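Engineer: Provide a 3D model corresponding to the input given below.
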Amino acid sequence: PPPGTATPPPAPSTTPAAPPRQGGPEPVEFTQVEDLLSVPGFTPQAIERLRDFVIVLPEPTTVNVNTAAPEVLAALAENFSVSEATALAVFRKRTPFVNPAAFTAYLAQTGKTLARDVDIDVKSSYFLAMSRVRLDRAALDAQALIRRDLQQKTYLVWIREN
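Structural biologist: The predicted structure follows:
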């Protein structure tokens, strides 16, 4: 296909099945943010507050510190306020981070440290494309999740109409 054309991703490799769980229900595979309602403590109101900052992806990924919203950046470090993260977002517009170490060095200069178990990067593998088609009074909104692999090939993961 021509460059930039979305093609289906390659078939996943086979891995041995996980051992059977002992007791309790099987975990549910999440496909959309609303699936968080199955987690005790998550309410529709909480999910609405999270909606602009989270997405369910088909695999674990890093947080791109060059594109993450200030609210997400604030969650990456201990005692890092949204106002401090907003200042960081202004800084990175002029000077994007060239690697994860540059981001952690920036945090260190402000007396902050990266939270445990947080994986960061300065690039993304997944992209969300939004579209709106209008015809007279009718409109159709859609989202598409696109994955870019290490060879820079792109794959359409899904399309959802709203």
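Engineer: quick one: end-to-end length of stretch 63-73, please.
Structural biologist: End-to-end distance of stretch 63-73: 9 Å, with C-alpha to C-alpha, to the nearest Å as the criterion.
Engineer: let me fix that: stretch 36-52
Structural biologist: 14 Å.
Engineer: tell me the mean pLDDT for that stretch?
Structural biologist: What stretch 36-52 shows for mean pLDDT is 93.
Engineer: what of stretch 69-82?
Structural biologist: Averaged over stretch 69-82, pLDDT sits at 95.
Engineer: for that stretch, how far is the first residue from the last?
Structural biologist: Terminal-residue distance, stretch 69-82 (C-alpha to C-alpha): 10 Å.
Engineer: can you tell me which residues contact the residue with the largest distance to the centre of the chain?
Structural biologist: Distance from the C-alpha centroid of the chain peaks at D136, with 34.3 Å (C-alpha atoms, centre = their mean). Contact analysis of D136 by C-beta atoms under 8 Å, 6 or more residues apart in numbering lists nothing. Every C-beta, even on glycine, is put in place using the N, C-alpha and C of the backbone.
Engineer: kindly report the same for the one 5 residues further on.
Structural biologist: Applying C-beta under 8 Å, 6+ apart, we find D141 in contact with M130, S131, R132, E161, N162.
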